[in-house]
Every structure is written in structure tokens, then in C-alpha cells.
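>>> could you look at this predicted model? Sequence included:
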Amino acid sequence: MITAGIDVGSTATKAVIFDGTIRSYGIIPTGWNPKEAGRSVLLEVLKKAGLKEKDIGAIVGTGYGRVSLPFVQQKVTEITCHAKGARFLFPQTRTVIDIGGQDSKVIAVGEDGSVTDFIMNDKCAAGTGRFLQVMTGILDITLDELGQMASASQPVSINNMCTVFAESEIIGLLAQEVSKEAIASGIVQTIANKIISLASRVPCLEEITFTGGVANNPEICASLSSAFGAKFNIAHQPQIIGALGAAILGYEKQMKKVM
Ligand code: ADP
């Protein structure tokens, strides 16, 4: 049995081919056409796995752009998919923190792996990858450099969580010749604070698994891990966990049919 999961996110489109383990995966920018991005990433992961579309038993779509995918057999929310993918990699997961391009979520997972509660920040860019992208734009550094710089300094306090106000605040700090390292460290702290405040609104239990593109940043991982003080898992490829969960849901459904 082989299945595919496609996660069309606001910023990146991810796909996973699953056959009981991860056979291949791909991450591409979503761009302006979610349907096209879904198709392209599917072709990419099929090629990597040496497969054709007819070899796939089921394709499951997730992410905000899942509605745009005409070639999937099932569409599932990213909340369910992130929980599923996180539990596959870290079976004791009870809380999933997902920070993506335009929203962040904290998902509570029951002992049996079902989603019991969640909270989502999708109204503004504070505490999301978009916040980081705007801030790295002002500092003229890459997302990877943000992490490296943040580890080299104590944080300067950034008082505004709102992206627009924080942008002005950072321009002001640069004018006062505050180092980029201190600002980078302050940005990381701001994201961590936003997520900690979000997480206080759902029951947050051990173990925590951190998913989404922002979990690629070691400094943000370290900052959240020490703030929560719980066992804190980060996958080797945290951005594909939603697509992985989608592929697993398809796999389980197909297995039930043949048994
Ligand atoms: P979505 O599903 O909403 O498209 P993703 O989970 O794919 O979101 O994550 C995309 C976000 O990941 C981007 O906004 C980007 O800022 C962030 N990201 C990717 N790599 C890094 C990194 N190394 N450090 C910090 N953020 C990163």
C-alpha cells in the first residue's frame, strides 16, 4: 500500500509518499496558484520515489489550499494531520505546536492520539513565519542567519507583538545602533512569548512536538523548549509533518478496506 499526502500551506506546499515509512518528500513555494503547486509537488515526490500516479492507493489533501486540489480523494484539516504526523514520529506526543507561514496553532492530543482541543492564531501575523520573514527583511538577513545571530547575543526587548508596530520598533532600534544580533535574539524571544501565551489557553501536556517551517530554526526551538520545560520533540523535517499525517490517514483508510 502506497499513499500520498499533500499539504498546501499559505507559504509552502509539501508532499509525502508513505508506504509504512516516509518514502519521499518535497517542499516547494505555494506561489499564487495552490492547485498548480499541489500538482507540481506531487509529481516531484513521485519522481523521487520512482513511482507513477497509478501506483498510489489514495491521495489526501490538507492545508488551507486543500480545497483547490481536484485530484485528491480525501480532504482533512491540518489540525488532524499535524496531530497524526506528530504521533507517528513521536508516539507519546500530547501537545503539538505548529508554527507555519501565516498561522500558529497549539493542539492538545489525547492518550489515544485523537485531537481533544486546539487554539489557533490566524488573525494576525504575530507569532508566525510571516513575522519572521518581515523582520529578517528589515535586518537584511536570511532566516538561517536570524538563528545564528540570535544565539550570539542577549535579546533586546521588543515591546510590540504586532508585525507593523514591531517593524517600526526595529527600525528605531537600528537607528540607535543596537546590534543586529541583539535584535535577532529579541525577535526570537517575541515569537516564543507569543506561542507561550497561545499555549496557556489549551491544556498543554508532555510530550510536546514542534512542527511547521518555523521549527527549522534552532534558536526558536531552544527558546520554546526551555520555556515549556517538557520533553520537546523536533523532527528532522518539521515542515512536512502535516503532509505526513495526511498520507498516514490515507494509508490507514486503505488498509481498513483491504482487511
Ligand atoms: P505554511 O503551511 O503556512 O505554508 P510552513 O509550515 O510550510 O507554513 O512554514 C513556512 C514558514 O516557515 C515560512 O513563513 C518561513 O518563515 C518559515 N521558515 C522556514 N525555514 C525557516 C527557518 N530556518 N527559520 C525560521 N523560519 C523558517
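Right, received. Where do you want to start?
>>> just to check, residue 56 is in contact with residue 1?
No: counting by C-beta atoms under 8 Å, residue 56 does not reach residue 1; the two are 9.7 Å apart. Using the backbone N, CA and C atoms, a C-beta is placed for each residue, glycine as well.
>>> more neighbours, the two?
residue 56 (23 against 15; other C-beta atoms under 10 Å).
>>> got the contact list for the residue nearest the centre of the chain?
Taking C-alpha atoms, centre = their mean, the centroid of the chain lies closest to residue 212, which sits 1.2 Å from it. By C-beta atoms under 8 Å, 6 or more residues apart in numbering, the contact set of residue 212 is 82, 98-100, 104, 129, 238-239, 241-242.
>>> how about a cut-off of 7 Å?
Applying C-beta atoms under 7 Å, 6 or more residues apart in numbering, we find residue 212 in contact with 98-100, 238-239.
>>> what pLDDT does the residue lying closest to residue 228 once chain neighbours are set aside get?
Spatial nearest neighbour of residue 228, chain neighbours left out: residue 208 (5.7 Å); criterion: C-beta to C-beta, 6 or more residues apart in numbering. We have a pLDDT of 97 for residue 208.
>>> any idea how many residues pack against residue 208?
Neighbours of residue 208 using other C-beta under 10 Å come to 24.
>>> hang on, isn't it packed against residue 234?
No: counting by C-beta atoms under 7 Å, residue 208 does not reach residue 234; the two are 9.6 Å apart.
>>> for this structure, which residues are neighbours of the ligand?
9-12, 63, 100-102, 129-130, 132-133, 143-144, 147, 212-214, 216-217, 239 (C-beta under 6 Å from any ligand atom).
>>> return a ChimeraX selection command for the buried portion of the residues you listed.
Of these, the buried ones can be selected in ChimeraX as follows, counting by 16 or more other C-beta atoms under 10 Å:
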select :9,10,11,12,63,100,101,102,129,130,132,147,212,213,214,216,217,239
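>>> tell me the SS of residue 225?
helix (DSSP: H, G, I helix; E, B strand; the rest coil).
>>> which residues touch it?
Contacts of residue 225 (C-beta under 7 Å, 6+ apart): residue 232.
>>> circling back to that earlier point, ok, the residue nearest to residue 228 - contacts?
95, 97, 228, 230-233 are the contacts of residue 208 under C-beta under 7 Å, 6+ apart.
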